[in-house]
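>>> Sequence first, predicted model second:
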Amino acid sequence: MHPILKVLYHIAMGAIGKKSYRFPMGVYIYLTFRCNLRCSYCDGGSGEKFPLMKRSELSIEQWRSIFTTLHKHTDFLLLSGGEPLMYEKIIDILRVARETGFKFISLNTNGLLLTPEVIEAVDAIIISLDSLDREKSDRLWNREGATDRVLKVLVELAQRRNPSIMVNSVILNENIDDVADVMEFCGKHGITFSAGPALDKVRPIPGLKGNRRYHALIDKILKAKRAGYRIAATIDYLRAVKHFQPFDCHPLLVWRVYPDGNLLFPCSRMNSTAGNLLETPDPIALFKKASGGEYFEINCGENCPLSCYMDTSHMIHRPLGLLREGLYRMHTFSQGHRLVY
Ligand code: SF4
Ligand code: SF4
């Protein structure tokens, strides 16, 4: 189904108070939980850092089988981790994903292990950068020299037409005053920018709520977006995340699969699965069993301020905001810009 029809379907379902696990906008693969960094704020969702979350990993042929299953439901594949480039046969994974038919492949990475082959093989790359202050950023990432390397990689990538590049900043108490500098760096190099608060499990980290400096930062990002900067986070998301407003979460607009092939239900934050896609290569059957019917309900009582949940949920519950975002993106596209999301 065309992505626009999928959005309309979910908007219609939302209007009658239903949430459907069918017709995902994309599928998010946690290829591995291993990582070559040890960021102070890393949180796999349940409070544990990704590199400490042990899971078996699948072979290329096992992923081929899962990709074939998933591609029946979406053309959009989002590869992440941990650090997905720690998966030794990443090039084979990218080749298999293309052979399976995925039309858009994006990669979430810390950028340290990027190679020309990987860069050629993907449509979009999302790289983390939390501060331009090399010393502070290296401290946050627990790796000396990492920030300098990532900045050089970004400047090189910015020269290319493809893939599209986005920088994502995690907002912490330590870097509130640095994130706007990262945004300016992105503006200068023509890179799409986004930012969101760090989480402690399902809650924003202590110190951000009610923090004036945090509010001022969000206002600055909103102002830059209105001024035509390429900022992926929507206006609705930025407004909501400023005060951590509650929202009606729809976590299955994008499906998520763990390194061992387990299909998440409902979300990474609750760390529970519907079953394994190798054992049951039928995600709809798994979701139906997990939810007990054609639709599902979420009563988690949380408001995870993560753009990948909050922003996508807003998009279907606030069609006018979606329209505004569409117009904004058409405008930025018309200026020769590319957005990643
Ligand atoms: S790069 Fe990502 S996965 Fe790795 S330690 Fe940092 S936050 Fe965690
Ligand atoms: S708000 Fe959404 S992402 Fe967070 S725990 Fe609830 S269902 Fe999961």
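Yep, that arrived. Source: prediction; values computed, not measured. Ligands and ions are numbered 1, 2, ... in the order given.

>>> Most proximal residue of the stretch 1-150 of the chain with respect to ligand 2?
G45 (8.4 Å; CB to the nearest ligand atom). C-beta here means a position set from N, CA and C on the backbone, and glycine is covered the same way.

>>> Which residue, other than its chain neighbours, is closest to that residue?
Among residues not flanking G45 along the chain, S268 sits closest, at 4.1 Å (CB to CB, 6 or more residues apart in numbering).

>>> next one: N162
With CB to CB, 6+ apart, the residue lying closest to N162 is D123, at 7.2 Å.

>>> swap in V155?
Counting by CB to CB, 6+ apart, the residue nearest V155 is H189, at 6.4 Å.

>>> and what of T312?
Per CB to CB, 6+ apart, closest to T312 is L253, 4.7 Å.

>>> hey, where'd the helices end up in this protein?
Remark: helices assigned in the chain by DSSP state H are 3-15, 60-71, 90-100, 116-121, 134-141, 146-158, 179-189, 212-226, 235-243, 283-291, 312-317, 319-334.

>>> will you turn these into TSV that also has mean pLDDT?
Output for the helices of the chain, formatted as TSV (pLDDT from 0 to 100):
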stretch	mean pLDDT
helix 3-15	92
helix 60-71	98
helix 90-100	98
helix 116-121	97
helix 134-141	97
helix 146-158	97
helix 179-189	97
helix 212-226	96
helix 235-243	92
helix 283-291	97
helix 312-317	83
helix 319-334	78
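
>>> can I get those in CSV with distance to E302 and mean neighbour count?
Below are the helices of the chain laid out as CSV (distance: least, CB to CB, whole Å; neighbours: other CB atoms under 10 Å):
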stretch, distance to E302, mean neighbour count
helix 3-15, 19, 15
helix 60-71, 26, 18
helix 90-100, 32, 18
helix 116-121, 35, 14
helix 134-141, 25, 18
helix 146-158, 31, 17
helix 179-189, 24, 18
helix 212-226, 20, 16
helix 235-243, 14, 20
helix 283-291, 18, 18
helix 312-317, 12, 22
helix 319-334, 22, 14
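
>>> For those helices, give me a markdown table that also has distance to R22.
Formatted as a markdown table, the helices of the chain follow (distance: least, CB to CB, whole Å):
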| stretch | distance to R22 |
| --- | --- |
| helix 3-15 | 8 |
| helix 60-71 | 13 |
| helix 90-100 | 20 |
| helix 116-121 | 30 |
| helix 134-141 | 39 |
| helix 146-158 | 36 |
| helix 179-189 | 36 |
| helix 212-226 | 32 |
| helix 235-243 | 24 |
| helix 283-291 | 7 |
| helix 312-317 | 13 |
| helix 319-334 | 19 |
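
>>> which one of the ones you listed lies closest to S169?
helix 179-189 (4.7 Å; CB to CB).

>>> Next one: P204, what pLDDT does it get?
With respect to pLDDT, P204 scores 89.

>>> How many neighbouring residues does the nearest residue to it once chain neighbours are set aside have?
If you skip the residues right next to it in sequence, P204 has P197 as its closest partner in space, 4.7 Å away by CB to CB, 6+ apart. When neighbours are counted by other CB atoms under 10 Å, P197 registers 24.

>>> bridging residues for P197?
I171 (DSSP bridges).

>>> For the stretch 201-341 of the chain, which residues are neighbours of ligand 1?
Proximity of the stretch 201-341 of the chain to ligand 1 (CB under 6 Å from any ligand atom) involves no residue at all.
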